[in-house]
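Asks: can't give you the sequence, but here's the structure:
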Ligand SMILES: [Mg+2]
Ligand SMILES: [Mg+2]
Ligand SMILES: [Mg+2]
């Protein structure tokens, strides 16, 4: 008998019969609307949960326009302006989009703005500048010629950035601009609750209120040409306001400076090593968001409906891995799945009854056009996500876009029928079952658990030249037979390395929050890690791990890593250690290497460094003993099956557990074995779209040859004596 | 009639007739011995000046062995040692060559040594460590577990490193080890003078005393395997001693720390931004070396002979471009010529009567073996050197090695006959004549004039991955029709940019003395340069110019350069400016680009940046206006004819003098025009070993087509109405 459930369909008007057919075939038990689609009444009466998108802080212009003083705000920094003489006029709005951003002249610029001499870093005395509100200019007097100056200024953000993006992209013409309001404001705060109550009454067919999301959009600022200027999916930019500044002062006992938010124009992106003040500001926002969101969730619950949060758009402050999230009391989180790491980012979220992944491709014309085969993208998306699902499944999957468009592609409809069946099969087999994990891995950076599965990201799941060589680490781990935890430097400083961790990974470019920057000058951090490694721990450094030029090392764990980076200072020291080992456990399955952007000028410090790859006068892959522990250096690790295998071998080697590497293992790099000893099951999976033959090893080290069809998952009954 | 003179031959025993023949053919008027060859009495009676190699501070073991307390010294740093508990024993000699280096136990280690906690940077109290002189161990008590410690210790350098190298390389067996002695010691000081006096009497046929060189060898330390461990051609390591420490304190009023010399193990190489203390130490050594060398030169002059200094080996402190060099009173400097830049390094030395370049190849079996054609290397060497000679000739050229070996290669003998004739022809035509220079270029770094033509070097003229992309700048300039000056940041801070400079070049990796490191946080430096550029100056940045992360910029002249480097902090800022211009003055002669090591993650800051080359998601070549001035960014510039042309165009563009670019110009990049308006001459040269056809332009902009034979130099009579 065909199972059903755990699948959410988008639907649309005038599509009842086909919706029913697809519900049947895909086993869907929930139907959702979306930003551009509405559901017919007939559809709402189907035997399915109805999800309805809900915007808290935008889409209510009738209210917002009457309370522009509660409009959301941002701190912005002007361009850098060079003083040519002692008077300097700064067009601080230059480069910004006037339709999105308006200078805040309601609040005294002399109190809330800052003019900074960026040549010295000093704040310019307020008596030395004035604002011309008519021309949007700041005029500095007593400027020092040839110094550079910036203005940090408050604006009202008068257009919701997501709607703005859609509006501009789709040429929505004179459709009103959604004005985002700030629920810190008394009217807004009252309005958000009363409107929701009314809305719940008005939408009796809604079962699940899909908050998109709560209060503050991630930072998204447009330029004077109406194009994206600044995007930070983690950015708290839209949460700041005069009200927030004042509340912060009251709560924390000190006042924020504009520079605490503006941060030299870097705006505290996730790549910046966070300052103590910024961490306190984030905490302050999270606490507020949780308190206010809880009020809305309570109202939803009182109406007998469920509250679901979309992990995106206005999600700032919700921080699903943060300490206040539990208090919100959400039923569910839904988010979009770009691969294994984003799946785990959703699936691992604690304190909700269920999670849902929105899978690719969207049913949009950019994929669903004549001559294109959307099955390929769906298959790729499914294979990368399935690896992660086999470690920890989301509770539901769903799709987005125009169902009518997907319906025109029968092969696609069939393929999704197969995917949804396979998903339910996996889910029903392993949900709540602890998979076999050969190792426990900790990702160490400045963010730790707060940014679980969220490292090295700029805009959500987009490719950037500077990140792909690090994102591969998360993607590889997301579907690997290892436990993964995220720890911060502060965690290590306060609590040491968690007891059960086998291997720590530190990956990133020098000076970023992911590598650690000045944290690596902290003797207590170094002491804790050196002791831990020396006593048997494994440490993998990728890119510029532990990098911070100090007292003769660039990598502060250079002595443990057995390598360092040549900055020119040590060119006079002969570099004799350039010969790779003939073979090595870590590279046993490698034929070629792909370090992505790689890293220049890495050299081995002694003959004890096991150089595994050396080319172009540089080390890109090496291992080194340190006491009873081991370290591995990798120049970069873009995602691929080859690099996943390389990383797994590096982990087992670093952990001194080479002999356990073949437990529940597939020799072919395109295949993996996921074992569930407590239920006596194992899944043999082919992660590729080609047939693969592999040796598979059980938990006792016995192997057999298996041939798996393209994308196949094969369940086997197993016993485990390990 | 055949001219002769200006050429120095090496000779050897039992080679009289051939020496006479080669003297005749090459027009040699001087004969030299060398480290491995002696001259017959008959040869010394030929009609030629006789150069005799003289070692001041080594090669006198009969004296040195009796005064080991005056043996030269070095400060060395041990390896980094991790404390496992509160006691740490450090084998500080580990990795060092005991035949070269012996710990100094004559002077109290508690006074002269330093133990440093390299995790904190703190000096360990002398009461917390002791030295075991029997085992060469330092034992630290009260160590902090997991901190790293180093020992900075004094040694006696008991083997001259050049003799050591030759001894080991040539298996000289039980031949005695030359012990270097320090002329700061009273016995040594007396000995150096009295021995020289005697020697001058004993060598009546010597006309020129070729000092190789004076007192302190550049830093050259061997490892436990008897191989080079550390080499710094600029290193003052061998000049330090207890006597020097004490004299420094007396002269400067404060005491040096070992760390002032050891410098975290980087030993103040030329790549380190020099500290004030280190600069004062260098000054102190230079002053001493000049005073003492003057004594020897005076003795030579009293004997009626000339004093010539070899620019190498024990040249430390002589600093030919330093402020004390003139006082030495030398007649001549000789140095080895690896190309144009090294030729200029010799030719431009002030305050001597003549300079001499030792050309390649050496007459050694590695080049002069059957089946090899040494003409090729000689031709390459001559072509690169000739470019520089045409700007400023050395006064003499010479060769080294075994003359008997060269004699066996008749084509080589003929080729050198041609080279020596060509050299004399050039010299007689242009010596003392100011060549046409279209521009004045200043190389800006932490060293300035002191290291004229000596930037980015580790060991003399060797290739290093980290330097070749910068050395090309000097090599290109060495033979270009531009004036070149070297200025330091301190020069600019004290005196501003020299009046007549058209373009400043700042080239190097971040944090090095050549880029500038923390100098770029100095507002006065930035102010001076911004004002200068804005008012019409040209600025070319290569690699990581003005790099020092501070207040929102990585390049502190980012606003002038129109580019910056992405470190991850500004990934959230959209990078729209990625489209190269269709054509540009700078790249008008370029078909492909070679930036050498290049530079990653450079991006344009605004639409005003003229991107000239963009690939791999990065800018590698760009220009930008800044007020009336212009800047150019180049990712790297290894030496080639193509890059020489690129640099010349960049210079003219930066200087806003494009219209003068075609004065005295050759269109073909393998050809150049060197003009001497004051004597009405121009040299058209083919820098390649292939025939070249080119348009040549005179000083009035008239052009004609010319075909030049391989390597040809063609003199023309010209008039100049410019
Ligand atoms: Mg219903
Ligand atoms: Mg969904
Ligand atoms: Mg004579």
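Replies: On my side now, so go ahead. What you see is a predicted model, and the numbers here were worked out from it, not measured in a lab. Numbering: from 1, shown residues only, chains lettered A, B, ... in the order given. Ligands and ions are numbered 1, 2, ... in the order given.

Asks: which intervals of chain A have sub-threshold pLDDT?
Replies: Low-confidence segments of chain A (pLDDT under 70): A:1-2, A:35-36, A:720-722.

Asks: within range of ligand 2, give me the residues from it.
Replies: By C-beta under 5 Å from the ion, the residues of chain A that approach ligand 2 are A:8, A:358, A:398. Any C-beta I mention is one placed from the backbone N, CA and C, and that applies to glycine too.

Asks: which residues does the second one contact?
Replies: Going back to what we said before, that points to residue A:358. By C-beta atoms under 8 Å, 6 or more residues apart in numbering or on different chains, the contact list for residue A:358 reads A:334-337, A:397-400.

Asks: what do you get for residue A:695?
Replies: Each residue near residue A:695 by C-beta under 8 Å, 6+ apart is listed here: A:666-668, A:703-706.

Asks: identify the farthest-apart pair in the residues you listed.
Replies: A:668 and A:704 (12.9 Å; C-beta to C-beta).

Asks: those two - which one has more neighbours?
Replies: Shown here are residue A:668 and residue A:704; by other C-beta atoms under 10 Å in any protein chain shown, residue A:668 has more neighbours (21 against 10).

Asks: surely the more buried one meets residue A:688?
Replies: No - when contacts are counted by C-beta atoms under 8 Å, residue A:668 is not listed as touching residue A:688 (9.0 Å).

Asks: interface residues of the stretch 1-150 of chain A facing chain B?
Replies: Residues of the stretch 1-150 of chain A lying close to chain B by C-beta under 8 Å from any C-beta of the partner chain are A:77, A:80, A:82, A:84, A:116, A:118-121, A:144-148, A:150.

Asks: narrow those residues to those in helices?
Replies: Judged by DSSP state H, helices contain none of these.

Asks: can I get the buried part of those as one PyMOL selection?
Replies: To isolate the buried ones among the residues of the stretch 1-150 of chain A next to chain B in PyMOL, judged by 16 or more other C-beta atoms under 10 Å in any protein chain shown, type:
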select buried, chain A and resi 77+80+82+116+118+119+120+144+146+147+148+150
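
Asks: among the residues of the stretch 1-150 of chain A next to chain B, which one lies nearest to residue B:519?
Replies: Distance to residue B:519, by C-beta to C-beta, is smallest for residue A:119 among the residues of the stretch 1-150 of chain A next to chain B, at 13.5 Å.

Asks: could you tell me how many residues sit around whatever residue of the stretch 301-450 of chain A ends up closest to ligand 2?
Replies: With C-beta to the ion as the measure, residue A:398 is the residue of the stretch 301-450 of chain A nearest to ligand 2, at 2.9 Å. Other residues near residue A:398 come to 22 when the count uses other C-beta under 10 Å.

Asks: may I have the beta-bridge partners of it?
Replies: Beta-bridge partners for residue A:398, by DSSP bridges, are residue A:8, residue A:358.

Asks: hang on, isn't it packed against residue A:32?
Replies: Yes - contact status for residue A:398 versus residue A:32: in contact at 6.9 Å, counting by C-beta under 8 Å.

Asks: next up, the contacts around the nearest residue to residue A:404 once chain neighbours are set aside.
Replies: Counting by C-beta to C-beta, 6 or more residues apart in numbering or on different chains, residue A:404 lies nearest to residue A:15, which is 5.4 Å off, once chain neighbours are set aside. By C-beta under 8 Å, 6+ apart, residue A:15 lies in contact with A:40, A:43, A:403-404.

Asks: and of those residues, the nearest to residue A:441?
Replies: Distances from residue A:441 to these, taken by C-beta to C-beta, are shortest for residue A:403, at 39.9 Å.

Asks: I'd say the closest one and residue A:10 touch.
Replies: Yes - between residue A:403 and residue A:10 there is a contact under C-beta under 8 Å: 5.5 Å.
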